[in-house]
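[1] model this:
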Amino acid sequence: RWLFDQAVCTLYAFCGVLFGLCSLASLTVLSTVCCLKVCYPAYGRCWDQYLRVPPIPLSPNPLPVCSEPMAAASHHYGPEPYGTACCITWEASSREATLYILALFIFCYLLPCLLILVSYALILWTVWVSRRAVQQH
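    Reported below is the predicted structural model:
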């Protein structure tokens, strides 16, 4: 069972969601920068003279996304079904809770994962095409 009070549960769940979203956003940026450097080297060089990191559309800012369950009355952080840890209460009790969970899934998980997959697929494709071009010469 969860050994602490609701305030510690909320803080624990907030940190878990925040750090998870930051980690996925970092992986998304890393894969996108790698894709730009490998697949579009001219684009990467263009930005090197102005900025260290090219402007990349990221998933939503994790802080407001994580803070929303603390402000909303329809959904909140609470113990997981087994009661040993805390997270977002996934059981949608209202329309707002359902929309929040869907938005969290689509914009903070699905889109970054798709961007990562597309980035690495483009890298693999570029390497495969380059290898074939070198073999032909």
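[2] going forward, measure contacts and count neighbours with C-alpha atoms only.
    OK.
[3] now stretch 103-112: buried residues?
    Leu104, Cys108, Tyr109, Pro112 (16 or more other CA atoms under 10 Å).
[4] relative to Ser67, which of the residues you listed is nearest.
    Minimum distance to Ser67 across the buried residues of stretch 103-112 is 12.3 Å, recorded for Leu104 (CA to CA).
[5] check contacts around that closest one.
    Residues in contact with Leu104 (CA atoms under 8 Å, 6 or more residues apart in numbering) are Val65.
[6] would you confirm that it belongs to a strand?
    No - counting by DSSP: H, G, I helix; E, B strand; the rest coil, Leu104 is not found in a strand; it is helix.
[7] look up how far Pro79 lies from it.
    19 Å (CA to CA, to the nearest Å).
[8] kindly report the same for Trp128.
    With CA to CA as the criterion, Trp128 and Pro79 are 48 Å apart.
[9] ok, these two, which is more surrounded?
    Per other CA atoms under 10 Å, whichever of Trp128 and Pro79 has more neighbours is Pro79, with 18 against 11.
[10] per-residue confidence for that one?
    Predicted confidence (pLDDT) for Pro79: 86.
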